[in-house]
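Participant: Predicted model and sequence follow; I will ask about them next.
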Amino acid sequence: MDDRDEAGAWPARTMMLPLLGALCGFVFAQLVQGPERWEWIDDPLRLGGGALVASAGIAFAFSLERRRWLWSILFALAVGLVMGGVTWRNGGWSGWGANEKWQLFSALVAVAIALPLFQTARDAGFGSITRRCMPIAGRTRSCGPRAGPSSCSFSC
């Protein structure tokens, strides 16, 4: 992706992300709120829906770029489905044993790893990721977009 396209101000994003965050927070609160204000619901489907809304909103906010916003929406939905599915499959909070929190933690780690990988693939233009020259034994070579493939003399 060309950095010049993203360098300009994007005032709509400044207003869109806080509104989206408030909306996701409101929907999350409605899904997980129990009969009393201080209680959470114990229904696995509603907990999974809350996890879907919260994680998809956060993933969308972290991955949103001006030129490929549809990619961010699709990635956020995938993240939401994974997190919501894991939460739904684990059941209500009251039924969790001491050893059952690892599924949710594993899903969070997977999302934390997937987000920068998605951003890299998106910025490189998903199908056009090519192997670039890597530093070997502390030496680096300039293999930027302006340098041709012949400038990388050592094997990658």
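Facilitator: Thanks, I have it.

Participant: Averaged over its residues, which helix or strand of this protein has the lowest pLDDT?
Facilitator: Ranked by mean pLDDT, DSSP states H and E, the weakest helix or strand in the chain is helix 3-7, scoring a mean of 53.

Participant: Going by residue numbers, what spans are helices in the chain?
Facilitator: Remark: helices assigned in the chain by DSSP state H are 3-7, 11-32, 44-63, 69-90, 102-124.

Participant: Indicate which one of these is closest to residue 38.
Facilitator: Comparing the helices of the chain by their distance to residue 38 (CB to CB), the top pick is helix 11-32, with 11.9 Å. (C-beta placed from N, C-alpha, C; glycine too.)

Participant: Mind listing residues that contact the closest one?
Facilitator: Residues from elsewhere that reach helix 11-32 (CB atoms under 8 Å, 6 or more residues apart in numbering): 40-41, 46-47, 49-50, 53-54, 56-58, 60-61, 64, 66.

Participant: angle of it against helix 69-90?
Facilitator: 10 degrees (axes from the mean of the first three to the mean of the last three CA atoms, to 10 degrees).

Participant: Give the rounded mean pLDDT of helix 11-32.
Facilitator: What helix 11-32 shows for mean pLDDT is 91.

Participant: what about dumping the CA coordinates of that helix to PDB?
Facilitator: Coordinates of each C-alpha in helix 11-32 appear next as PDB, following Å, rounded to 0.1, in the frame of the first residue of the first chain:
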ATOM      1  CA  PRO A  11     -11.700  13.300  10.000                       C
ATOM      2  CA  ALA A  12     -14.500  10.800   9.500                       C
ATOM      3  CA  ARG A  13     -12.400   8.200  11.200                       C
ATOM      4  CA  THR A  14     -12.100  10.500  14.300                       C
ATOM      5  CA  MET A  15     -15.800  10.500  14.700                       C
ATOM      6  CA  MET A  16     -16.600   7.000  13.400                       C
ATOM      7  CA  LEU A  17     -14.400   5.000  15.800                       C
ATOM      8  CA  PRO A  18     -15.700   6.500  19.100                       C
ATOM      9  CA  LEU A  19     -19.300   6.100  17.900                       C
ATOM     10  CA  LEU A  20     -18.700   2.500  16.900                       C
ATOM     11  CA  GLY A  21     -17.000   1.900  20.200                       C
ATOM     12  CA  ALA A  22     -20.000   3.300  22.100                       C
ATOM     13  CA  LEU A  23     -22.400   1.300  20.000                       C
ATOM     14  CA  CYS A  24     -20.500  -2.000  20.500                       C
ATOM     15  CA  GLY A  25     -20.200  -1.200  24.300                       C
ATOM     16  CA  PHE A  26     -24.000  -0.600  24.500                       C
ATOM     17  CA  VAL A  27     -24.800  -3.800  22.600                       C
ATOM     18  CA  PHE A  28     -22.300  -5.800  24.700                       C
ATOM     19  CA  ALA A  29     -23.800  -4.400  27.900                       C
ATOM     20  CA  GLN A  30     -27.300  -5.400  26.800                       C
ATOM     21  CA  LEU A  31     -26.200  -8.900  25.900                       C
ATOM     22  CA  VAL A  32     -24.300  -9.800  29.100                       C
END
